Structure formats: structure tokens, C-alpha cells
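Trainee: Attaching a predicted model along with its sequence, questions to come.
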Amino acid sequence: MPWLRGMGTLLVHRMKSKLFFACGCILVFLSSCAKGGPIAPADTASNPSQEFTTTLSPSPFQPVVHSPTPSASPTVTPTVTPTLRPTVIPPASGEETMRTYADPIGFGIGTVYQAQESRNPQFPPVFASEFNTVMMTTFLKKVQPSRDQWDWSLTDEVLTLAQADNQKIIGGPLVYDNATAPAWLMFDHADCGAWTPAELEGILRTYIQTVTARFGKKVSAWEVVNEPLTSGDNCWRRLLGDHYIDRAFRYAHEADPDALLMLNEAFGRAGVDRGTADQFLALVKQLKAAGVPIDAVGIQMHLSAEILRPTYPQEFQYFLDRARRVGVEVWITEMDVYQGPPSHFPNSLDIQKQIYKTVARICLQSTLCTRLILWGISDRYTWLAHLSGNNFIDPQPLLFDAQFQKKPAYFGVLDALREAGGGGGQ
């Protein structure tokens, strides 16, 4: 069966990864296996027959078609303690890595898991040595292909790798927009499948509690709801009202009372839009006042260098200050930085490095900001290369190039981590 062959391939890669750390000569073999250049569309999904979907936030399991997206509060100072335990994975040949500095200070440095990226033989050693956190996405369409059928193949694949590398796992989102709902929900119909509110709430509860209970303590945190403001008029809201967010968090907490629960949102590619930030954090404050168990908020950082406002550092700090007053942790959940069109900047990769370093440094200087999750490892697998009507020419938004070699941006994040760990910096 295909999934068995896939797991067999992963086991081979895992063996190669472990040998990499024991013997430097394996690196030559791994490097010779990697293919350079852009990947073909058929390589971007774990299943070549998957259809394209329309969604604001990228899915790591399938190509994404992009559609444009259309008060003072009392001070509450939360007690924020690191959510990660120091668990250092020794880098190859004594080389310092991001994880070298992140582990001892309890900071989560992570990446989203992409099935197609993991098949590259250069992936395992980088994944293991650089990251202590992995985002495991469990989209409805993938995990529950029919109302009475569950498919755990991709989530179990992530779990196996993360456990082998002693990494923390963030699962989710448990509730997303219409585009990522499975076909059987019929959310693409004008009547949202003609479900009654009672029926749809039962479906929501069964899904959330089945997924969270399935993994138990193996998943330490869940992204419960994604983009409640920017996902538009989704069917969850239309049939259940705004209380769908409240219920989703309560169902997740019932299934796993110890898991950290996070609400995620997008704030623009030019910085952190203050209007959206105010609206989002007002929603979080309202939910928490009603007893909804929200531990953290996620801030997406899909930035574009050519349109980035010079005030983006102050905008991010503003978000952190407001989040502190609400009483929640802040996680950077989806970060990449488009370097700009060719010839827009003569030194685009240096500018990209500075953006990464600035954002990472601001996060690390705050006791509130405890995780930074990259939206992929290698430029070769960036979701920006597969948008319809693509305005991202030659996208290179990540820390590693198409051959998994470190870019200037990598050293920007490394410098920020080194500074935070008391190691100085450049």
C-alpha cells in the first residue's frame, strides 16, 4: 500500500539521519541525493490526485490557490513559564544550530511538517538538529475523509519523526474555513450542506474530541481555531454563530485538559495591521472573560520585504504589549519572508536576514513570546511557488535554500538566539 511504502521510505531516511550524526562521510551521500531547482506541481502533495483549494493560510499537504482576503482594557500580567523542557540534540561535528541555543532557554524553534519536503534525503538531519518543535497540521479533509472514516497516516508519520527527535508537537487547526472542509460536509453549497445547528455542532464535537483524544499527551498544544477574523463567512459561524469558537475550545479542553490551546490569526504581509490586532485581541479578551480556555494566540508572519512597512518592529511590539494585557502567550506560528522580485533589492537576502533577525529578537526579548514556527525548511518546497496568479517571482522565503544549505536569513535567527542565550551575537 502507498502509505506503507511511504513509511518504509521514512525509516530509511531516519536511519540515514542517525548515521549522519555518527559519521560525517554520510553527508556526501545525502548531498548527492538531493535534487536542485523548483519542484514540479505533482511533487507538492502527498497525493498527486488532490484537488487545489482556496484558503488564506497555506496547507503543507497540498498546493494552495490564493484568493485576496477581503479600546482600553485593564492590565493583566500573566505568569508565563517556558512550555518546553531543555532537551538538546547534539549537532553534527560540534556545529552550533538554532536548537543549540533554543533548548537551554526553553524557547520553541520549529517548522511546519510538509510531507513532500520530508521525502528529501537532506531533510532528516536538518529537521532533527535545528528544530525542537513541529507543527502537525490535521486538516479536516485529510483526517476525516468521510463522516465515518478516519485516516491517521500523515499525522502518525509526523508523530513518529517528532518522537524520534524529541520534539514538541503542535497539532491543528481543529477548525478552519470552508475551503479545507471535507467534501462530505458540503460547505461549498450555499446552504452549507443544509445541516441543522444541532447536527453541525455534533460533528464539530466528535471531530475535535476524536482527534485530540487520539494523540493524548503526545501532542502538547493545539491550534484550535485558525483565522476567525480573516476566514470570511465560514459555515461554522453561519450555522452556529460566533459561539463556535467558544465551543471548539471547550471541546478540546474536555478531551485533553493538560494541552495548551491557541487561537491563530493573520495580520497582513506588510507588517502587523493594528486594526486587525485590536479586533483580534478584543475577541480573545471577551472569550477569556467568558471562561474560554485560551492559553496562547498565534500571530502569522508571512511577510513581503518589498511592501514591508518600516514600522513593522513597533507594530509587532504593540501586539505583544496588548497580548500581555489580555493575559496570553504569543506564538509566531507561520513565518516566511518573501525577499522581493528580482532586482527590487540589490541585497535582497541581506535585507531578508535583517527582517528575520529583528522579528526573532523582539520575540526572544519578551517573556510572553515563547515559540517561532517557520513555514517550511527549504525554499524548494515553499508554498509561495504554487499560488495561482502568482505574484511571488522566484520566491526564496525560508532559512535554507533549495539544496538545504543555510542562507543569510538562517544566521539572522541564529544570532538572535545566540544573543538570547547569553552568547553575544553579530
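Mentor: Here it is on my side, so go on.

Trainee: how about the strands in the protein?
Mentor: 53-54, 64-65, 108-112, 133-137, 168-172, 221-226, 260-265, 296-304, 329-338, 369-374 (DSSP state E).

Trainee: what's the most buried one of these?
Mentor: Of all the strands of the chain, strand 221-226 has the most neighbours on average by mean count of other Cβ atoms under 10 Å, namely a mean of 27. (Glycine included, C-beta is placed from N, CA and C.)

Trainee: now that strand: mean pLDDT?
Mentor: For strand 221-226, mean pLDDT is 96.

Trainee: which residues sit against that strand?
Mentor: Under the criterion Cβ atoms under 8 Å, 6 or more residues apart in numbering, residues 57, 83, 135, 168-177, 208, 212, 244-245, 248-249, 252, 256, 259-265, 295-296, 298, 333 lie in contact with strand 221-226.

Trainee: In PDB, could you pull the C-alpha coordinates for that strand?
Mentor: The C-alpha coordinates for strand 221-226 follow below in PDB (Å, rounded to 0.1, in the frame of the first residue of the first chain):
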ATOM      1  CA  ALA A 221      -0.500  22.000  22.200                       C
ATOM      2  CA  TRP A 222      -3.400  22.500  19.700                       C
ATOM      3  CA  GLU A 223      -4.200  25.300  17.300                       C
ATOM      4  CA  VAL A 224      -7.900  25.100  17.900                       C
ATOM      5  CA  VAL A 225      -9.300  27.800  15.500                       C
ATOM      6  CA  ASN A 226      -7.500  29.400  12.600                       C
END
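
Trainee: how big is the angle separating that strand from strand 329-338?
Mentor: Inter-element angle recorded for strand 221-226 and strand 329-338: 70 degrees (by axes from the mean of the first three to the mean of the last three Cα atoms, to 10 degrees).

Trainee: so how far is strand 221-226 off the chain centroid?
Mentor: Here strand 221-226 is found 10 Å from its chain centre; the criterion is Cα atoms, centre = their mean, to the nearest Å.

Trainee: do the same with stretch 406-426
Mentor: With Cα atoms, centre = their mean, you get 21 Å for stretch 406-426.

Trainee: List the buried residues of that stretch.
Mentor: In terms of neighbour count (16 or more other Cβ atoms under 10 Å), stretch 406-426 has its buried residues at 407-421.

Trainee: contacting residues around it?
Mentor: Outside of stretch 406-426, the residues within contact range by Cβ under 8 Å, 6+ apart are 96-98, 101-102, 104-105, 107, 109, 337, 349-350, 352-357, 360-361, 364-365, 372, 379, 396, 398-401.

Trainee: circling back to that earlier point, which of the strands of the chain sits closest to Glu157?
Mentor: strand 133-137 (9.2 Å; Cβ to Cβ).

Trainee: partners of that closest one, with directions?
Mentor: Strand pairing for strand 133-137, using DSSP bridges, gives strand 108-112 (parallel), strand 168-172 (parallel).

Trainee: Mean confidence (pLDDT) on the first one, please.
Mentor: Across strand 108-112, the average pLDDT comes to 98.

Trainee: Would you mind getting the angle between that strand and strand 369-374?
Mentor: Strand 108-112 runs at 30 degrees relative to strand 369-374, counting by the same axes, to 10 degrees.

Trainee: CA-only coordinates of strand 108-112 in PDB, if you can.
Mentor: Extracted C-alpha coordinates of strand 108-112, given in PDB (Å, rounded to 0.1, in the frame of the first residue of the first chain):
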ATOM      1  CA  GLY A 108      10.300  26.700  20.800                       C
ATOM      2  CA  ILE A 109      12.100  26.900  17.400                       C
ATOM      3  CA  GLY A 110      10.000  25.000  14.900                       C
ATOM      4  CA  THR A 111       8.800  24.200  11.400                       C
ATOM      5  CA  VAL A 112       5.600  23.100   9.900                       C
END
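
Trainee: and Thr210, how many residues sit next to it?
Mentor: Other residues within reach of Thr210, judged by other Cβ atoms under 10 Å, total 13.

Trainee: contacting residues for it?
Mentor: The neighbours of Thr210, taking Cβ under 8 Å, 6+ apart as the test, are Trp150.

Trainee: Looking at it now. What's its pLDDT?
Mentor: In this model, Thr210 carries a pLDDT of 95.

Trainee: Check the gap between it and Gly202 for me.
Mentor: Separation of Thr210 from Gly202 (Cβ to Cβ, to the nearest Å): 12 Å.

Trainee: ok, now Ala183?
Mentor: Taken as Cβ to Cβ, the span from Ala183 to Gly202 is 19 Å.

Trainee: Kindly report the same for Asp350.
Mentor: Distance, Asp350 to Gly202, by Cβ to Cβ: 54 Å.

Trainee: what's the answer for Phe107, then?
Mentor: For Phe107, the distance to Gly202 - Cβ to Cβ - is 39 Å.

Trainee: Looking at the two, which is more packed in?
Mentor: Of the pair Phe107 and Gly202, Phe107 is the one with more neighbours under other Cβ under 10 Å, namely 27 against 12.

Trainee: Using JSON lines, please lay out the strands paired with strand 133-137 together with distance to Val284.
Mentor: Putting these into JSON lines (distance: least, Cβ to Cβ, whole Å) gives the following:
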{"stretch": "strand 108-112", "distance to Val284": "20"}
{"stretch": "strand 168-172", "distance to Val284": "16"}
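
Trainee: Narrow the contacts of stretch 406-426 to just the buried residues.
Mentor: Neighbour-count burial (16+ other Cβ under 10 Å) applied to the contacts of stretch 406-426 gives 97-98, 101-102, 107, 109, 337, 352-353, 355-357, 360-361, 364, 372, 379, 396, 398-401.

Trainee: These in helices, which ones?
Mentor: Judged by DSSP state H, the buried ones among the contacts of stretch 406-426 include 98, 101-102, 352-353, 355-357, 360-361, 364 as members of helices.

Trainee: could I get these as CSV with distance to Thr196 and pLDDT?
Mentor: Output for these, formatted as CSV (distance: Cβ to Cβ, whole Å; pLDDT from 0 to 100):
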residue, distance to Thr196, pLDDT
Met98, 49, 98
Tyr101, 53, 97
Ala102, 47, 97
Gln352, 50, 98
Lys353, 53, 98
Ile355, 48, 98
Tyr356, 48, 98
Lys357, 52, 98
Ala360, 47, 98
Arg361, 50, 98
Leu364, 48, 98
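
Trainee: Looking at those residues, which is nearest Val284?
Mentor: Of all these, Val284 sits closest to Leu364, with 22.5 Å by Cβ to Cβ.

Trainee: ok, for that closest one, nearest residue in space, not its chain neighbours?
Mentor: Leaving aside its sequence neighbours, Leu364 sits nearest to Ala420 (Cβ to Cβ, 6 or more residues apart in numbering; 4.0 Å).
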